[in-house]
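Novice: the following comprises the amino acid sequence and a computationally predicted model.
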Amino acid sequence: MNVIKMFDILEEIPAIADTMLCHDVAEEFRALPAVCGFAVLDKGHPTGVIARDDLLIRLASQYGHAVYGKRPIRELMNNNPLVAEIREDLDEVERRIADGYSHALSSGFIIVEDGEYLGMGTALSLVRKNVERTRLRNQQLEKTTEEARHANVVKSQFLASMSHELRTPMNVIIGFAELITSQAFGPVNPPRYLEYADDILDSGRHLLTLINDILDMSKIEAGRFQLENQPIDINTLAANATKMCRSMAAQKNIELLFDAEPSRVVLIGDERALKQILLNLISNGLKYTSEGGRVLVQISQNAAGGVTIRVIDNGIGIAEEDLEKVLEPFMQAKNQKDNKTEGTGLGLSIVKALADLHEATLKVESVIDEGTTVHLNFPPVRVQVQANVA
Ligand SMILES: Nc1ncnc2c1ncn2[C@@H]1O[C@H](COP(=O)(O)OP(=O)(O)OP(=O)(O)O)[C@@H](O)[C@H]1O
Ligand SMILES: [Mg+2]
C-alpha cells in the first residue's frame with residue numbers, strides 16, 4: 001500500500017547523444033526551460049547526465065563558450081549518473097540519492113526499463129509524491145484510529161451489558177447458596193452437600209466481584225460511568241475502608257495502620273468510587289506483602305493545596321519494567337507469577353480510571369523486595385472545606 005514506483009514520476013524528456021556539442025545542448029536547455037537535466041546516451045545506453053545549471057554556468061564563464069562550445073557533451077557530463085529501474089520504489093531511489101548521488105538533486109536521474117532509456121525523474125517530483133503519500137497515510141491513520149476507537153467503545157458497551165445481565169443470575173445463585181449453607185429450613189443431609197454449597201457460595205462471590213470489576217471498567221471505558229459528586233469526609237471514609245480490611249490483614253499477621261492529619265478534609269468526589277479506590281489499593285498492599293509485614297494508609301494535604309492518599313507497604317514490590325504495565329486492564333507483574341494469590345489484574349486499572357475521572361494523578365513507586373507506595377493526588381478544586389477540629 002502506498003508504494004510509489006518510478007513510473008509515477010516519469011517525465012518523458014528526450015535524451016541527447018554523447019557526441020552532441022555543448023553549445024547545441026545549451027540551445028536544447030533554452031528551448032525546454034522546465035528541464036533541469038538531460039540523460040546522455042552512447043549508442044542508446046545511458047552513460048551520463050548533464051545538469052542545466054552546470055552547463056549554462058560553465059559556458060557563461062570567461063572563455064567558457066570558446067573552450068567548450070564545440071566540444072562533445074561527454075566531456076562535461078557527470079559520468080556517474082543515478083539510473084533507476086522503472087519498477088524501483090521511491091524510497092529506494094531516495095536512499096540512493098542520500099548515499100552518494102547528491103548531484104541527482106540538481107540534474108535529476110535517469111529512468112530505464114531493462115537498461116533502455118525511458119525518461120527522467122527529478123528531486124522535485126520525488127518530494128511532491130512524498131508529500132502526497134504522507135497526506136494519504138495520515139488520512140488512513142486517522143481513519144484507522146477512529147475505527148479502533150469505535151471498536152473499543154463497542155467492546156466496552158458489549159462487556160458492560162453482558163456483565164450487567166450476568167449479575168442477576170449470579171445474585172440468585174449466591175442467595176440460594178447462602179440459604180442452603182445457613183440450613184435455614186433444616187440440616188443438610190448428607191453433610192457433604194453442605195461443603196459443596198460452601199464452594200458454590202465462595203465461587204459465586206468471587207465471580208460476582210469479577211463481574212462487577214468488568215462492569216465498572218467497561219462502563220468507564222464506554223464513557224458511561226457518571227460520578228455522583230458530593231462532599232466527603234475523606235479521613236472517615238479511608239478509616240472505614242481500612243477497618244473493612246482488618247480481618248484480611250489479621251489472617252496474614254500484617255500490621256495495618258491508618259494515619260491522617262487531624263484537620264477535617266472534605267473532598268468532592270463519588271463516595272462509592274473513592275471507597276473502591278481505597279479497598280483496591282489496601283487489598284493489593286495486603287495481598288502482595290508477606291506474613292508479618294506492614295501496610296500504612298495515609299491521608300495528607302499536599303503542597304499544591306490538594307489531598308494526597310498514600311498506601312504504603314513493605315511487600316514484594318514491582319519491577320521497574322512492570323510499573324506502567326500493571327495499570328492496564330488484565331495485566332499483572334512478574335512478581336504475581338511467583339506469588340500464589342488470586343487476581344484478575346483489574347484492581348489497579350479501575351483505580352487509575354476512577355482517579356482520572358476525579359482529575360487525580362496516580363503514581364506507583366516500588367522497589368523489588370522492599371515495598372510499594374501508591375500515591376493519589378487530588379487537585380485543590382476537589383478540596384472544599386478544611387476546617388480544623390480539635
Ligand atoms: N502493592 C503491590 N505490591 C506488589 N505488586 C503489586 C501491588 N499492587 C499491584 N501489584 C502488581 O500489579 C498487578 C496488577 O494489580 P491489580 O490490582 O490491577 O490486579 P490483581 O491484584 O492481580 O487482581 P485484582 O483484579 O483482583 O485486583 C498485580 O497482579 C501485581 O503483580
Ligand atoms: Mg488487585
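Specialist: Yep, that arrived. Ligands and ions are numbered 1, 2, ... in the order given.
Novice: roughly how far does the closest residue to ligand 1 within the stretch 101-250 of the chain sit from Leu179?
Specialist: When C-beta to the nearest ligand atom is the measure, the stretch 101-250 of the chain has its nearest residue to ligand 1 at Asp213, with 5.9 Å between them. No exception for glycine: its C-beta is placed from N, CA and C like everyone else's. Per C-beta to C-beta, to the nearest Å, Asp213 is found 26 Å from Leu179.
Novice: tell me which of these two has more neighbours.
Specialist: Remark: of Asp213 and Leu179, Asp213 carries more neighbours, 20 against 13, as counted by other C-beta atoms under 10 Å.
Novice: may I have the secondary structure class of Lys363?
Specialist: Classification of Lys363 into helix, strand or coil gives strand, according to DSSP: H, G, I helix; E, B strand; the rest coil.
Novice: what about it, neighbour count?
Specialist: If you count neighbours by other C-beta under 10 Å, Lys363 ends up with 12.
Novice: now Glu116: closest residue in space, sequence neighbours ignored.
Specialist: With C-beta to C-beta, 6 or more residues apart in numbering as the criterion, Glu116 has its nearest non-adjacent residue at 7.5 Å, and that residue is Gly44.
Novice: and that neighbour, how many neighbours?
Specialist: 10.
Novice: any weak-confidence spans in the protein?
Specialist: By pLDDT under 70, the low-scoring segments of the chain are 1-2, 336-341, 385-390.
Novice: if we go to 50?
Specialist: By pLDDT under 50, the low-scoring segments of the chain are 390.
Novice: which helix in it has the most residues?
Specialist: Scanning the chain for the longest helix, with DSSP state H as the assignment, gives helix 123-182.
Novice: now for that helix, which elements pack on it?
Specialist: Here helix 123-182 touches helix 90-98, helix 104-107, helix 192-221, going by 3 or more C-beta pairs under 8 Å, 6 or more residues apart in numbering; DSSP states H and E.
Novice: switch the ones you listed over to a markdown table; also include distance to Arg264.
Specialist: Conversion of those to a markdown table gives the following (distance: least, C-beta to C-beta, whole Å):
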| stretch | distance to Arg264 |
| --- | --- |
| helix 90-98 | 65 |
| helix 104-107 | 72 |
| helix 192-221 | 29 |
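Novice: which one of those is the most hemmed in?
Specialist: helix 104-107 (a mean of 22; mean count of other C-beta atoms under 10 Å).
Novice: so which elements touch that helix?
Specialist: In terms of contacts (3+ C-beta pairs under 8 Å, 6+ apart), helix 104-107 is packed against strand 45-51, helix 52-60, helix 123-182.
Novice: can you dump the C-alpha atoms of the helix or strand just after that helix in CSV for me?
Specialist: On the C-terminal side of helix 104-107, the nearest following helix or strand under DSSP states H and E is strand 109-113. Presented in CSV, the C-alpha positions along strand 109-113 are these (Å, rounded to 0.1, in the frame of the first residue of the first chain):
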residue,chain,number,x,y,z
PHE,A,109,18.1,11.0,-12.5
ILE,A,110,17.7,8.6,-15.4
ILE,A,111,14.8,6.1,-15.6
VAL,A,112,15.2,3.0,-17.6
GLU,A,113,13.4,-0.2,-18.3
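Novice: in its sheet, which strands sit next to strand 109-113, and in what direction?
Specialist: Strand 109-113 has its sheet partners listed here by DSSP bridges as strand 83-85 (parallel), strand 116-121 (antiparallel).
Novice: TSV please, covering those and showing distance to Ile9 and mean neighbour count.
Specialist: Formatted as TSV, the entries for those read as follows, by distance: least, C-beta to C-beta, whole Å; neighbours: other C-beta atoms under 10 Å:
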stretch	distance to Ile9	mean neighbour count
strand 83-85	10	21
strand 116-121	5	20
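Novice: okay if I get those strands as TSV plus distance to Tyr196?
Specialist: Putting those into TSV (distance: least, C-beta to C-beta, whole Å) gives the following:
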stretch	distance to Tyr196
strand 83-85	76
strand 116-121	79
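Novice: secondary structure element holding the residue of the chain positioned farthest from its centre?
Specialist: Computed with C-alpha atoms, centre = their mean, the maximum C-alpha offset from the centroid of the chain is found at Ala66, amounting to 66.0 Å. Secondary structure from DSSP H and E places Ala66 in helix 64-68.
Novice: what about stretch 157-177, near ligand 1?
Specialist: No: no part of stretch 157-177 sits near ligand 1 under the criterion C-beta under 6 Å from any ligand atom; the closest distance found is 14.0 Å.
Novice: what does the stretch 251-390 of the chain have sitting close to ligand 2?
Specialist: By the rule C-beta under 5 Å from the ion, the part of the stretch 251-390 of the chain lying against ligand 2 is Asn284, Gly347.
Novice: helices of the stretch 251-390 of the chain, start to end?
Specialist: Counting by DSSP state H, counting those that start in this stretch, the stretch 251-390 of the chain has these helices, from start to end: 271-287, 334-338, 347-357.
Novice: which of these sits closest to Gly115?
Specialist: Across those, Gly115 has its closest neighbour in helix 334-338 (58.4 Å, C-beta to C-beta).
Novice: just to revisit the earlier point, let's have the strands paired with strand 109-113 in JSON lines, adding distance to ligand 1.
Specialist: What follows is the strands paired with strand 109-113, written out as JSON lines (distance: least, C-beta to the nearest ligand atom, whole Å):
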{"stretch": "strand 83-85", "distance to ligand 1": "54"}
{"stretch": "strand 116-121", "distance to ligand 1": "55"}
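Novice: with distance to ligand 2 as added columns, please give these in a markdown table.
Specialist: Rendered in a markdown table, the data for the strands paired with strand 109-113 read as follows (distance: least, C-beta to the ion, whole Å):
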| stretch | distance to ligand 2 |
| --- | --- |
| strand 83-85 | 59 |
| strand 116-121 | 60 |
